[in-house]
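Trainee: Predicted model, plus sequence, below.
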There are 2 protein chains.
Amino acid sequence: MEQGNTDVTGGCQLVKATLTRIGDKWTILVIRMLGERPMRFNELRRKIDGVSQRMLSLTLRGLERDGFVIRSVRPTVPPQVDYTLTELGTSLLVPVRALGDWAFAHEAQVEAARARYDRLQGQAAVPALTAKTGDPDELAPHFG
Amino acid sequence: MEQGNTDVTGGCQLVKATLTRIGDKWTILVIRMLGERPMRFNELRRKIDGVSQRMLSLTLRGLERDGFVIRSVRPTVPPQVDYTLTELGTSLLVPVRALGDWAFAHEAQVEAARARYDRLQGQAAVPALTAKTGDPDELAPHFG
DNA sequence: CTGAATCCATGAGGATACTG
DNA sequence: CAGTATCCTCATGGATTCAG
């Protein structure tokens, strides 16, 4: 057990680990889909636009490993695999939704701040520098 | 109103974007550090163990851009730059702490699930694939 | 002290093909 | 249907160097 400077550091490691865990590209999508009802593999695949077979498989395996979903196989002739959210997985939905509410409530503020920052950067920076029309990403992180 | 984001698909994109945004390696650390009090660059650098100069700089730029922190420069002889959490940044601390509470409350469950999964995987794997020397007298819980 | 610029290692994730 | 295996690309981020 290591100790940091303050309790912030210690608590942060845990939050950070959780965020890293569920902060990947597909985990939240899958969890929220399964939050509605259990689904089969290809059903998820169809509902989550853009996910590759490989990544959906990897994501589900990770979720199963961490106890967020249950994978139940029915040995029918065409294999049928259902993924169900566990109670642990459902409980995670609560803080995730809280974060979603925050995002929804502050989306405009963030976008405004971004636009303002980019605008000021474009004009107040070095005068003789390449004009950068920085506008491409709307809500996507630029480095995160 | 229920949760702010009604539709799973639509709401998910927003949650996912936020998670991706703050789910990187240092953002949460920085936000929570600044949640205690404003700090200078090297003070943050010292307090956040393992962060490189480059990443701290990039993280702070991103946070400033999104309106989470204010960067104030005092033109002293050795430059002094203070980073302060804005109200928007402080508000983000709320759902982040909620997620932290969840993580703290369910840490054991996740670890247990992981350990169980890894244990089962290690012994119930494909028989004739990995040369496992016949698996003599390992703790062999009956599959199924 | 506070950065920016450059180089480089690693890994997440996409495309494709194959299996049971 | 439900995956696994392989290859490949590119973003993340660490180390180092340069600058104001």
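Mentor: Arrived safely, thanks for sending.

Trainee: low pLDDT regions in chain A?
Mentor: By pLDDT under 70, the weakly predicted segments of chain A are A:1-10, A:122-144.

Trainee: which is the next helix or strand following the strand or helix carrying residue A:82?
Mentor: Remark: residue A:82 resides in strand A:80-85, with elements defined by DSSP states H and E. As assigned by DSSP H and E, the chain's next helix or strand after strand A:80-85 is helix A:87-124.

Trainee: between that following helix and strand A:80-85, how many degrees?
Mentor: For helix A:87-124 against strand A:80-85, the angle by axes from the mean of the first three to the mean of the last three C-alpha atoms, to 10 degrees is 70 degrees.

Trainee: returning to that earlier point: send me the strand holding residue A:82 as CSV with only the CA atoms.
Mentor: As requested, the backbone C-alpha atoms of strand A:80-85 are provided in CSV (Å, rounded to 0.1, in the frame of the first residue of the first chain):
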residue,chain,number,x,y,z
GLN,A,80,-26.9,-18.1,-29.2
VAL,A,81,-25.1,-15.9,-26.7
ASP,A,82,-26.8,-13.5,-24.5
TYR,A,83,-25.1,-10.7,-22.6
THR,A,84,-26.8,-9.4,-19.5
LEU,A,85,-25.8,-6.6,-17.2
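
Trainee: Any part of it near chain B?
Mentor: No - Strand A:80-85 is not in contact with chain B by C-beta under 8 Å from any C-beta of the partner chain; minimum separation 12.6 Å. From N, CA and C alone the C-beta is placed, and that goes for glycine too.

Trainee: Residue A:107: neighbouring residues, count only.
Mentor: Neighbours of residue A:107 under the rule other C-beta atoms under 10 Å in any protein chain shown: 15.

Trainee: how near is it to residue B:114?
Mentor: 34 Å (C-beta to C-beta, to the nearest Å).

Trainee: quick revisit: quick one: is the strand holding residue A:82 near DNA strand C?
Mentor: No - applying C-beta under 7 Å from any atom of the strand, one finds strand A:80-85 out of contact with DNA strand C, separated by at least 9.6 Å.

Trainee: Who are the packing partners of that strand?
Mentor: If contacts are counted by 3 or more C-beta pairs under 8 Å, 6 or more residues apart in numbering or on different chains; DSSP states H and E, strand A:80-85 sits against helix A:27-36, strand A:39-40, helix A:41-47, helix A:53-65, strand A:69-74.

Trainee: In space, what's closest to the most centrally placed residue in chain A - neighbours in sequence excluded?
Mentor: For chain A, the residue sitting closest to the mean C-alpha position, by C-alpha atoms, centre = their mean, is residue A:23 at 3.9 Å. Ranked by C-beta to C-beta, 6 or more residues apart in numbering or on different chains and with sequence neighbours excluded, the top spatial neighbour of residue A:23 is residue B:23, at 2.4 Å.

Trainee: Look up phi and psi at the one you found.
Mentor: Main-chain torsions, residue B:23, degrees, to the nearest 10: phi -90, psi 10.

Trainee: Next up, the contacts around it.
Mentor: A:19-20, A:22-24, A:144 (C-beta atoms under 8 Å, 6 or more residues apart in numbering or on different chains).

Trainee: Among those residues, the buried ones, what's the PyMOL command?
Mentor: Only the buried members of the contacts of residue B:23 enter the following PyMOL selection, criterion being 16 or more other C-beta atoms under 10 Å in any protein chain shown:
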select buried, chain A and resi 19+22+23+24+144
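
Trainee: now, which of the contacts of residue B:23 sits nearest DNA strand D?
Mentor: Relative to DNA strand D, the closest of these is residue A:144; by C-beta to the nearest atom of the strand it sits at 5.5 Å.

Trainee: What about residue A:34, how many residues nearby?
Mentor: 24.

Trainee: what does residue A:60 give?
Mentor: 21.

Trainee: Great, nothing more from me.
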